[in-house]
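Asker: can you look at this prediction? I've put the sequence above it.
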Amino acid sequence: MHTIDEILQILSEVKPGIQVEPDAELVRTGVLDSVDIMSVVMALAEEFDLEISPLDLKEENFHTANAILELVNRLED
Amino acid sequence: MKHLLELLDSTVQRWQDRPAFGDEHGTLTWHQVGLAVHSIGTAMTRHKVQRRPVALYLDHEVPCLLAMLSTLAAGGYYTVLDTAQPPERVRRITDQLEPALLVTDAAHRAAAEALGLNCPILGVADGLAQPPEPFVLQTLRAEAIDTDLAYVLFTSGSTGAPKGVAVQHRAVLAYSAWAAGTFGIDETTVFGNQTPFYFSMSVTDLYTSLRTGAQIQILPKRLFSFPVQLLDYLTTHGVNTLYWVPSALGGVVRWKALDYTALPPLRTVLFAGETMPTPYLNYWRAHYPTALFANLFGPTETTDICAYYIVDRDFADDEPLPIGRACDNCGLLVLTPDGKAAAPGEVGELCARGSFLAAGYYNMPDKTADRFCPNPLQPHYPETIYRTGDLVRYDEEGLLQYMGRADNQIKHMGYRIELGEIETAAFGQEGLQSCACVYDAPRDRLVLFFTAGRDLTEALRTRLAQRLPAYMQPAVYRRLKAMPQNQNGKIDRAVLREQCKEDENHAYH
């Protein structure tokens, strides 16, 4: 099981300077644009050695840090 | 025909209750669009905008389209501002435009006021509540001529002041007649609109729809992060026609999204705005063998497009696509630096003439005179051509091939190099998702940025060594997690050049 701090760490590496709450909306607000999302996906795949399929690449899996955490934990099971 | 809203009038009459403009909040019929334009247009006339600029500070949604057409109804010309840009960048445009009126909505009211413009602000909701005054609008229409401006579109220009391309009704009428006819746009067409309304490509979506009764479904920008959901959205809304930048089509390719969900009912896929990597085209064509694919080419200064190529054969992954031939009713010349017609096969600057041409640059007489010039091949009467700054040549089949920007060609080891040739050679490499070659001028070296699922540096080095001369070999290969994009969704080369500079600063630490 991963922790929210690991996800927040990745987000801050992808987008230096951002400070987000675990449940803050990231996609509709434009905090993460499509280039950022791509970077997050690549970082998750590398850090956690995950296989992220196109079907996992959905708005509901990326719209908050907590949603990303759930995705990562689900993929690791 | 002299005025763009004549297109709207006849479409409203003919297609009344068919869907016209949709976004994720809802869809308006042509009848509803007609009413809204009369109301907002009437509200705008209160501010005396006839033959004056109106700035629109609205998101990429249906109300922005209504405000654009309403400006035309009130006899003015519009500029759409990007609400996502920081205020100082927006002011670089409004300083030049000096709008007579700013139109916004409740969500952007505070930001619009903070721009500090010296003009009244109209809310879209207030405009919609205005009872239409047909007589006032008819009078304005009667006073209009086809060389009045329809809009001023600012090119993003990474350095210096943005240039406002001033486009007349006549140009959009001529251009949209070509585009609608060539690609069979009609009332059964449903556009999936990707491009922002401050970008010239959106002119094609909007005005071919006005002309034919086609429907525009505006795609939420965030869906381009989620390709499978994007495709499902197209299916849900019955989208059958795309006119996107290649980077947007590439997002679907990178995830092979067409293999993971039902295919949207596409029949026409058009693209422009940057070079189309042939592997992207091949992936899409493999899934849509009977659809029409076309490579469109042109600057904002020819309304949107001046040349096009309908894909009519197979292309290898590292074979460049032609830009084809002149659009009907648009004249093209290929000129050598001394103003002569280039011989067949010879590289020259692409120049355009005819009714597609913009009037010039807004408040920039010197820049206008520099690019909108007398035709050197036609000395008998005054005729203006637009010099695109793009280098082209005719190939053996008589098709135009794009050879890069005249001002972008770099000189490296004494050779003139077109960076696009290096990118084309790199494409075809198994596993490569996207790439962009940048010239690192301070260090006189080529840097190839790429994205891929694994490090392809050695594979690319070997591949390019076999295909390109020594002076075209990149010195540095940089794998990125994601390719940076500008506000229109194209590869952002300015950001890549900045990264070269940063690399240099870090090199000695």
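Answerer: Perfect, I can see it now.
Asker: which pLDDT value goes with residue B:452?
Answerer: For residue B:452, the pLDDT comes out at 92.
Asker: ok, it to residue B:489 distance?
Answerer: 20 Å (Cβ to Cβ, to the nearest Å). To be clear about C-beta, it is placed using only N, CA and C from the backbone, and glycine gets the same treatment.
Asker: how about residue B:162, what does it touch?
Answerer: B:92-93, B:96, B:154-156 (Cβ atoms under 8 Å, 6 or more residues apart in numbering or on different chains).
Asker: what's the local residue count around the closest residue in space to residue B:195 that isn't next to it in sequence?
Answerer: In space, and not counting its chain neighbours, residue B:195 is closest to residue B:201: 4.1 Å by Cβ to Cβ, 6 or more residues apart in numbering or on different chains. By the measure other Cβ atoms under 10 Å in any protein chain shown, the count of residues near residue B:201 is 25.
Asker: repeat for residue B:116
Answerer: 9.
Asker: gap between the most centrally placed residue in chain B and residue B:233?
Answerer: Closest residue to the average C-alpha location of chain B: residue B:201 at 3.2 Å, with Cα atoms, centre = their mean. Per Cβ to Cβ, residue B:201 is found 19 Å from residue B:233.
Asker: got it, and residue B:294?
Answerer: 23 Å.
Asker: do residue B:292 as well
Answerer: Where residue B:233 is concerned, residue B:292 sits at a distance of 22 Å (Cβ to Cβ).
Asker: could you do residue B:336 as well?
Answerer: 48 Å.
Asker: looking at the two now, which is surrounded by more residues?
Answerer: residue B:233 (18 against 13).
Asker: surely that one and residue B:222 touch.
Answerer: No. Judged on Cβ atoms under 8 Å, residue B:233 makes no contact with residue B:222 at a distance of 10.8 Å.
Asker: am I right that residue A:70 is in a helix?
Answerer: Yes. Residue A:70 forms part of a helix when assessed by DSSP: H, G, I helix; E, B strand; the rest coil.
Asker: so what's it closest to, chain neighbours aside?
Answerer: Residue A:70 sits nearest to residue A:61 (Cβ to Cβ, 6+ apart), 7.5 Å away.
Asker: could you look up the SS state of that neighbour?
Answerer: Relying on three-state DSSP, one would call residue A:61 helix.
Asker: what pLDDT does it get?
Answerer: Confidence score, pLDDT, at residue A:61: 96.
Asker: which residues of chain A lie near chain B?
Answerer: A:14, A:27-28, A:30, A:32-39, A:42-43, A:53-55, A:57-59, A:62 (Cβ under 8 Å from any Cβ of the partner chain).
Asker: how about the nearest residue to residue B:98, chain neighbours excluded?
Answerer: Per Cβ to Cβ, 6+ apart, closest to residue B:98 is residue B:53, 7.0 Å.
Asker: check what pLDDT the one you found gets.
Answerer: For residue B:53, pLDDT reads 98.
Asker: with the one 4 residues further on instead?
Answerer: Residue B:57 is assigned a predicted lDDT (pLDDT) of 98.
Asker: contacting residues for the closest residue to it other than its chain neighbours?
Answerer: Counting by Cβ to Cβ, 6+ apart, residue B:57 lies nearest to residue B:104, which is 4.3 Å off, once chain neighbours are set aside. Residue B:104 makes contact with B:56-58, B:111-112, B:121-124, according to Cβ under 8 Å, 6+ apart.
Asker: beta partners of residue B:104?
Answerer: residue B:57, residue B:123 (DSSP bridges).
Asker: what about the residue nearest to residue B:98, distance to chain A?
Answerer: Distance of residue B:53 to chain A, given as Cβ to the nearest Cβ, to the nearest Å: 27 Å.
Asker: next up, phi/psi of that residue, please.
Answerer: Residue B:53 adopts backbone torsions of phi -80, psi 140, taken as degrees, to the nearest 10.
Asker: span of stretch B:139-153 from start to end?
Answerer: 27 Å (Cα to Cα, to the nearest Å).
Asker: what's it in contact with?
Answerer: Residues contacting stretch B:139-153 (Cβ under 8 Å, 6+ apart): B:1-5, B:45, B:50-51, B:53, B:68, B:71-75, B:77-80, B:97, B:164-173, B:198-200, B:203, B:300, B:359, B:362.
Asker: ok, now stretch B:406-425?
Answerer: B:275, B:277-278, B:318-320, B:349, B:389-391, B:402-404, B:435-439, B:441, B:444-446, B:448, B:463-464, B:467-469, B:471-472, B:474.
Asker: how long is it end to end?
Answerer: End-to-end for stretch B:406-425, by Cα to Cα: 20 Å.
Asker: again with stretch B:139-150
Answerer: End to end - Cα to Cα - stretch B:139-150 spans 17 Å.
Asker: any buried residues in that stretch, and which?
Answerer: B:140-141, B:144, B:146, B:148-150 (16 or more other Cβ atoms under 10 Å in any protein chain shown).
Asker: likewise for stretch B:461-476?
Answerer: Buried, per 16+ other Cβ under 10 Å, within stretch B:461-476: B:463-464, B:467-468, B:472-474.
Asker: which parts of the stretch 301-450 of chain B sit against chain A?
Answerer: So the stretch 301-450 of chain B never meets chain A (Cβ under 8 Å from any Cβ).
Asker: in what helix or strand does the residue of the stretch 301-450 of chain B at minimum distance from chain A lie?
Answerer: For the stretch 301-450 of chain B, the residue closest to chain A is residue B:433, as judged by Cβ to the nearest Cβ, at 9.5 Å. For residue B:433, the host element (DSSP states H and E) is strand B:432-440.
Asker: top of the contacts of residue B:104 by neighbour count?
Answerer: residue B:56 (27 neighbours).
Asker: show me the contacts for that residue.
Answerer: B:64, B:67-68, B:71, B:78-81, B:102-104, B:197.
Asker: for residue B:311, which non-adjacent residue is spatially closest?
Answerer: residue B:293 (4.2 Å).
Asker: so the one you found is in contact with residue B:283, correct?
Answerer: No. Here residue B:293 does not reach residue B:283: they are 11.5 Å apart, not a contact under Cβ under 8 Å.
Asker: list the contacts for the nearest residue to residue B:126 once chain neighbours are set aside?
Answerer: Leaving aside its sequence neighbours, residue B:126 sits nearest to residue B:43 (Cβ to Cβ, 6+ apart; 6.4 Å). Contacts for residue B:43 (Cβ under 8 Å, 6+ apart) come out as B:70, B:122, B:126-127, B:130.
Asker: how far away is residue B:43 from chain A?
Answerer: Between residue B:43 and chain A the computed distance is 30 Å (Cβ to the nearest Cβ).
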